[in-house]
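Colleague: Here's my sequence, what's the structure:
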Amino acid sequence: MNRRDCIAGAALALFAGVCSSASPATTPSRAPLILVLGDSLSAEYGLARGTGWVALLEKQLSTEKIPAKVVNASVSGDTTSGGRSRLAALLKQHQPTHVILELGANDALRGLPLKNTQDNLAWMTEQAQKSGAKVVLVGMQVPPNYGSKYTQQFAEVFPAVAKQYGTALVPFLLKGVADDADPTRLFQSDRIHPNALAQPTLLANVWPVLKPLLKG
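Modeller: The predicted model follows:
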């Protein structure tokens, strides 16, 4: 087509793109959305609003100029079964790009079968991955007074699921808190829930695992 023909056919070119040199519009990539599905350790139990590790994560993202949104869907007292029952609706509603699974501690406190805990974590990990999200599995441990066998088997649940699905793993959320030389200073009066002083340490355990996934 010569130049005169192109000019004469300008009206048609607007629709057919015959003479247009512009490239097709591209859909901008969506900013990351991080869904945190956890229990009281992530739900700011006993803490002032905005002082828990999830709130500190939002501040960390802002400081590092990472345009990610955080949705904290954590519920105090929740178990892996509870998280499993809520996950599908949360995935549909928020369509997260990243999911942080921080559940399991209450399973142990209630003496629930470890197989159920592992199956629930595996199911949630699989469903999150199928939705297109990258998963960070947050590991937990229980005190030795639960018995050495149970303590070991419970701790092994998290890396087993992470290995099965090739997902990122935080080995132990309370590292540097529960094993502090004087752990009582980092816990609330119930000796179960970390206090405000401990929250930056919790974030420090999660952030190095999560950050590479946000930039990958």
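Colleague: Moving C-terminal from the helix or strand bottoming out on mean pLDDT in the chain, which element do we reach first?
Modeller: Sorting the helices and strands of the chain by mean pLDDT, DSSP states H and E puts helix 10-16 at the bottom, at a mean of 36. Beyond helix 10-16 on the C-terminal side, the first helix or strand identified by DSSP states H and E is strand 33-38.
Colleague: the strands in this structure, which residues?
Modeller: Assigned by DSSP state E, the strands in the chain fall at 33-38, 69-72, 98-102, 134-138, 168-170.
Colleague: Need those strands in JSON lines (columns: distance to residue 176, mean neighbour count and mean pLDDT).
Modeller: The C-beta positions use only the backbone N, C-alpha and C, and glycine is treated the same way. Output for these, formatted as JSON lines (distance: least, CB to CB, whole Å; neighbours: other CB atoms under 10 Å; pLDDT from 0 to 100):
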{"stretch": "strand 33-38", "distance to residue 176": "18", "mean neighbour count": "24", "mean pLDDT": "98"}
{"stretch": "strand 69-72", "distance to residue 176": "22", "mean neighbour count": "17", "mean pLDDT": "98"}
{"stretch": "strand 98-102", "distance to residue 176": "16", "mean neighbour count": "26", "mean pLDDT": "98"}
{"stretch": "strand 134-138", "distance to residue 176": "14", "mean neighbour count": "25", "mean pLDDT": "98"}
{"stretch": "strand 168-170", "distance to residue 176": "12", "mean neighbour count": "19", "mean pLDDT": "98"}
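Colleague: How about the contacts made by the residue sitting nearest the centre point of the chain?
Modeller: Geometric centre of the chain, nearest residue: residue 100, 1.6 Å, by CA atoms, centre = their mean. In this structure, residue 100 makes contact with 34-38, 135-136, 138, 206, 210, judged by CB atoms under 8 Å, 6 or more residues apart in numbering.
Colleague: Please tabulate those residues in TSV and include distance to residue 96 as additional columns.
Modeller: Formatted as TSV, the contacts of residue 100 follow (distance: CB to CB, whole Å):
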residue	distance to residue 96
34	6
35	4
36	9
37	9
38	14
135	10
136	11
138	15
206	16
210	12
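Colleague: Sounds good, over and out.
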